[in-house]
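The sequence isn't on hand, but the structure is:
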């Protein structure tokens, strides 16, 4: 079984980048909507490396990763009109689109069914990301989430990584891990509850 | 599902990692405008965004090639490649072909997965028919008809073999409501019905149901079928639609 080991290797500087890059996207979004040619270059300079790293982390193939980055930015460019001007963060949207392209690629080479376009439209809906508040993405929250993730028991870490970075459903996780579905659901629920709780506490501090 | 239960699923929902039924439930619920769940959904999306951001910050991940920036900008039509308009045209053509081939390849992979599933289903059906034929082939197999003397269908036959099992052929079965299934019962002489498996009919409202394994055909009084919840019942909960006296 492929067991990804990802988050423990994070750098403090990386966390800072994650938190700060997600902020102050409103102006960039407005320029993209206006089809400003420099805005796309700015968007790539801001999120290209992050998107590539995330996609490569999932597909583990440089050529496929570059193709999928191109698809990601093309999709963002074509759907930017749905992103409300003056609000929200582009980064989470770009990373979500990147992750979904990579997971779909992975599913296609594994012979699993790809997500249908309606599902994708719902979870990638730009309007949803433009409603996201900046306070959701502070450095403190990122650090707390990382800390909480690292403290999770090994089986809970694994199910979270399988969901986020391999796109497995709970049934697929149970098959992969050769564990009863109920057990896997309990691990997923507990892990998400811990992470959610940590974020809520960060928000109230 | 309650809103509190849905609250626990929104991270997986926004990752597209839920089972289809749960995914649809949450989608429909959000579409109805539940403000509590919309807030949970937003929080889940924010958490996922931070998780994905952390995921892209692993120390040993490679950087993209320098050409990728140009590819991305060329891909959205904002920059020409260094080969002039002819090269740009060729690159665009190649990009279209590459996307087309990639799409074809994905479609083929999906088709292959579907075909594999179909083959597995066909193989299972073939095995079931082979087992059915083996029961019919045995000289000691006993046949009982039902429904002939009734004004209303269903009609059919039950074949009983003490070593191989019981097989039911039925036609003109009543249409099932959603969430229902036919359940077969083996009723011993002077005893209570014992469940003998659930089945569905085909589009022509016919069905073949096979129960494999030794059966006490001498002690058996009747074979019956009733309509039950699709999870099955330990004892019949409705009037039987088929009763075949043995």
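Structure's in. What do you need? These numbers were taken from a predicted model, which means no experiment stands behind them.

residue ranges with poor pLDDT in the chain?
No chain in the question, so chain A it is. A:1-24, A:85-88, A:111-123, A:130-139, A:202-205 (pLDDT under 70).

let's do chain B instead
For chain B, applying pLDDT under 70 flags the ranges B:56-60, B:78-88, B:91, B:117, B:120-128.

what about the strands in it?
B:142-146, B:155-161, B:165-171, B:180-188, B:194-199, B:207-212, B:220-229, B:242-245 (DSSP state E).

For the first one, name the packing helices and strands.
Put plainly, it is strand B:142-146. strand B:155-161, strand B:242-245 (3 or more Cβ pairs under 8 Å, 6 or more residues apart in numbering or on different chains; DSSP states H and E). C-beta here means a position set from N, CA and C on the backbone, and glycine is covered the same way.

Sheet partners, orientation included, of that strand?
strand B:155-161 (antiparallel) (DSSP bridges).

how big is the angle separating the strand it pairs with from strand B:165-171?
170 degrees (axes from the mean of the first three to the mean of the last three Cα atoms, to 10 degrees).

Tell me the buried residues in strand B:155-161?
By neighbour count on 16 or more other Cβ atoms under 10 Å in any protein chain shown, the buried set for strand B:155-161 is B:155-161.

And stretch A:144-151, by the same measure?
Quick answer for stretch A:144-151 (16+ other Cβ under 10 Å): A:144-146, A:148-149.

Near chain B, list only the ones from those residues.
Among these, the residues that sit close to chain B (Cβ under 8 Å from any Cβ of the partner chain) are A:145-146, A:149.

now, which of the residues you listed lie within helices?
A:145-146, A:149 (DSSP state H).

Break the chain down into its structural domains.
I'll assume chain A. Here the domain parsing of chain A from automatic domain parsing is A:11-134, A:139-204.

that's the wrong chain, I wanted chain B
Taken from automatic domain parsing, chain B resolves into B:3-55, B:83-137, B:142-245.

Out of those domains, indicate the one that is most buried.
domain B:3-55 (a mean of 19; mean count of other Cβ atoms under 10 Å in any protein chain shown).

which one is residue B:153 nearest to, not counting chain neighbours?
residue B:172 (3.1 Å; Cβ to Cβ, 6 or more residues apart in numbering or on different chains).

do residue B:246 as well
residue B:220 (4.8 Å).

Okay, helices next: where are they in the chain?
In the absence of a named chain, chain A is used. A:12-21, A:26-33, A:37-59, A:62-79, A:90-109, A:117-123, A:126-130, A:139-151, A:154-166, A:170-177, A:181-204.

Not quite, go with chain B.
Taking DSSP H as the criterion, chain B carries its helices at B:3-7, B:10-15, B:20-31, B:35-55, B:67-75, B:84-137.

Relative to residue B:243, which of those is closest?
Across those, residue B:243 has its closest neighbour in helix B:84-137 (20.7 Å, Cβ to Cβ).

do that closest one and chain A meet?
Yes. Applying Cβ under 8 Å from any Cβ, one finds that helix B:84-137 is in contact with chain A at B:98, B:102, B:105-106, B:109-110, B:112-113, B:116.

can you list those residues in CSV and add distance to residue B:227?
Shown next, in CSV, are the residues of helix B:84-137 next to chain A (distance: Cβ to Cβ, whole Å):
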residue, distance to residue B:227
B:98, 54
B:102, 49
B:105, 46
B:106, 42
B:109, 40
B:110, 36
B:112, 38
B:113, 34
B:116, 34
